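In: Here is my input; please provide its structure:
(one chain, ligands or ions: 1)
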Amino acid sequence: MVSTFPLASTVNLKNVRLEIRALQPQLVEWRREIHQKPELGFQEKITAEFIAQKLQHWGITHQMGIAQTGIVAIIKGEKSGHGKVLAIRADMDALPIQELNEVPYCSQHDGVMHACGHDGHTAIALGTAYYLNQHRQDFSGTVKIIFQPAEEGPGGAKPMIAAGVLKNPDVDAIIGLHLWNNLPLGTVGVRPGALMAAVEVFHCTIFGKGGHGAIPHQTVDSIVVAAQIVNALQTIVSRNINPIDAAVVTVGELHAGTAVNVIADTARMSGTVRYFNPDLGGFFKERIQQIIAGICQSHGANYDLDYIHYYPPVINDAGIAELVRSVAEDVIETPIGIVPECQTMGGEDMSFFLQEVPGCYFFLGAANAEKKLDYPHHHPRFDFDETALPMGVEMFVRCLEKFLA
Ligand code: NI
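Out: Down below sits the predicted model:
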C-alpha cells in the first residue's frame, strides 16, 4: 500500500492559493510558538491566551473559557445568501512526554510535549480564521472555529458541547483534521463511516484467598483466576463479535503476587476495548462482566470491575466525507493521494461532535521520511513536515467554500 503513495519530495503547494501559501511563514511561527509552550488537557492557558490575542488583533468575535480553556471564534460571511453554519474543530493540548528532538523550537516545558501535532491543528485553525476574516465578503453563512482542550484526556469535546458551542447559531455540519504521520505529506485519509474506534477501559480486581504456595487447597489462587480471565476475554473478539466488525480487547496490565511461595490474595488487571460499530456500545462491558463473574464464581473468588466508556467511535457522515474527499482531490491533485483505507483503532473525542451534527474528520498526511519527520505520534521525537500547514488551511477553506456554496 505504502509504495503507491507519492514521495513526499514530489509534493508541492501549487493547488494552494497564493494568499494561503504566503501565510506559511506565519503558520510555522505560530505552530513553533505553541510547540515551545505545550500544556496538558484543561491547562491550556498560555495556548488559549495566544489564540485569543491573535483573534482580538484581527477583530474576530470570540469567547474564551468554554469548558475551562476552550475558545470559540465566529466569523460571519457578508455575502447575501442562506445562513448555513459550518464548524471547524481543532484540539490544542499536549502530552506528558519529555521531548527528545533537538530543534530550536523544542518544548520549554519539562515533561510536556506536543507529540501528536495538536500545535499544528491550532496553527491551521488560526490560519483559517485569519484567511476567512479577510474574505468575509466572499462567503455567506457563518463559520465557527472551535479550539478544544484536553483531547488526549479526559476529553474537552463533551463539556464544550454541554456548554453550547454547537448552538446559537446552530451548527449544520462540522469538520476537523488530524495531521497524520501514518501517511506521507501530500495525502489525505478520508472515508465515510467509521474512521477511528471507540475507546473503553476496564480495571478489575480479583479477590481470591491467599496462603502458602505449597498448600494450594486452602486458598483461592487469584493468579490462576486472572489467567483464565485473560484467556477467556480473547474469545469476545474471536467468538462473540461478527467477524466483519473489527474490534480489539487488550489486557495491558496484570499485577499480582509478592513471593514465589505465596499464593496471591488479589490480582489486578486493566485493559482497553476498541471497536468501530456504534451498535456494539454496551456489548463489551456486559460480556466482560459476564466472563469475569462466571470464572470468579467457578473458583469461589470475588471481583470488582470498573468499566469506563471514554470516547465513542468517530463516524463520518457520508455526504460531508464526500465533500472533503472531492476537495482533497483538488488540493493534492493526484487521486492516488486519497487514502480511504486509513481507519485506525486509535480514538478521538471529535466523535462527540459527530454524534451531534453531521460532519467529517480526516487525516492530513504529514510524514516526510527524507527529512526524518516520520516518527509515530506520541513518540518523544515526533515532528511533522510543516508544508502540511498551508495544505490544511486550503483544505478547510475549500470545504467551507463548497459547503456554503
Ligand atoms: Ni492527536
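In: quick one, strands of the stretch 251-400 of the chain?
Out: Secondary structure of the stretch 251-400 of the chain (DSSP state E, counting those that start in this stretch): strands at 262-263, 266-275, 302-311, 314-316, 338-339, 359-367.
In: likewise the stretch 1-150 of the chain?
Out: 61-66, 70-76, 85-91, 142-148.
In: Export these as JSON lines, with columns for distance to residue 289, mean pLDDT and mean neighbour count.
Out: Glycine gets a C-beta too; all of them are placed from N, C-alpha and C. Conversion of those to JSON lines gives the following (distance: least, CB to CB, whole Å; pLDDT from 0 to 100; neighbours: other CB atoms under 10 Å):
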{"stretch": "strand 61-66", "distance to residue 289": "36", "mean pLDDT": "98", "mean neighbour count": "16"}
{"stretch": "strand 70-76", "distance to residue 289": "35", "mean pLDDT": "98", "mean neighbour count": "23"}
{"stretch": "strand 85-91", "distance to residue 289": "32", "mean pLDDT": "98", "mean neighbour count": "25"}
{"stretch": "strand 142-148", "distance to residue 289": "32", "mean pLDDT": "98", "mean neighbour count": "25"}
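In: Out of these, which gets nearest to residue 265?
Out: For these, distance to residue 265 was read as CB to CB. The smallest value, 42.6 Å, belongs to strand 85-91.
In: quick one: contacts of that closest one?
Out: Strand 85-91 has contacts (CB atoms under 8 Å, 6 or more residues apart in numbering) with 118, 121-122, 124-125, 128, 141-151, 156-157, 165-166, 169-176, 350, 353, 357, 359, 396, 399-400, 403-404.
In: what about 7 Å?
Out: 118, 121-122, 124-125, 128, 141-148, 151, 166, 169-176, 350, 353, 396, 400, 403-404 (CB atoms under 7 Å, 6 or more residues apart in numbering).
In: can you check stretch 203-212 too?
Out: Applying CB under 7 Å, 6+ apart, the contact partners of stretch 203-212 are 218-222, 225-226, 261-270, 292, 296, 301-306.
In: average pLDDT for that stretch?
Out: The average of the pLDDT scores along stretch 203-212 is 98.
In: Likewise for stretch 35-50?
Out: Averaged across stretch 35-50, the pLDDT comes to 98.
In: List of residues touching it?
Out: By CB under 7 Å, 6+ apart, stretch 35-50 touches 33-34, 64, 68-69, 71, 92-94, 96, 105, 107-109, 112-114, 119, 122, 149-150, 152-154, 156.
In: buried residues in stretch 226-245?
Out: Buried residues in stretch 226-245, defined by neighbour count with 16 or more other CB atoms under 10 Å: 226-229, 232-233, 236-237, 241.
In: repeat for stretch 127-137
Out: Burial within stretch 127-137, assessed by neighbour count using 16+ other CB under 10 Å, is assigned to 127-133, 135.
In: Switch those residues over to TSV; also include pLDDT and distance to residue 275.
Out: Output for the buried residues of stretch 127-137, formatted as TSV (pLDDT from 0 to 100; distance: CB to CB, whole Å):
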residue	pLDDT	distance to residue 275
127	98	35
128	98	32
129	98	35
130	98	39
131	98	38
132	98	37
133	98	41
135	97	41
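In: For the protein, which residues score under the pLDDT cut-off?
Out: 1-10, 334-335 (pLDDT under 70).
In: Could you state which residue of it sits nearest its centroid?
Out: residue 348 (3.2 Å; CA atoms, centre = their mean).
In: My understanding was that it contacts residue 315; is that so?
Out: No. If you go by CB atoms under 7 Å, residue 348 and residue 315 don't touch, sitting 11.1 Å apart.
In: that older thread, among the buried residues of stretch 226-245, which one lies nearest to residue 256?
Out: Nearest member of those to residue 256, counting by CB to CB, is residue 226, at 6.2 Å.
In: other SSEs contacting the longest strand along the chain?
Out: Using DSSP state E to define each element, the chain has its longest strand at strand 173-184. Packed against strand 173-184 by the contact rule (3 or more CB pairs under 7 Å, 6 or more residues apart in numbering; DSSP states H and E) you find strand 85-91, helix 318-332, helix 350-356, strand 359-367, helix 388-404.
In: Mind checking those for the one nearest to residue 253?
Out: Going by CB to CB, the one of these nearest residue 253 is helix 350-356, 24.9 Å.
In: Give me the distance between the closest one and the centre of its chain.
Out: Relative to the chain's own centre, helix 350-356 is displaced by 12 Å; criterion: CA atoms, centre = their mean, to the nearest Å.
In: Quick check: bridge partners of the residue nearest to residue 118 when sequence neighbours are not counted?
Out: Once flanking residues are discounted, residue 118 sits nearest to residue 91: 4.8 Å by CB to CB, 6 or more residues apart in numbering. With DSSP bridges as the criterion, residue 91 is bridged to residue 148.
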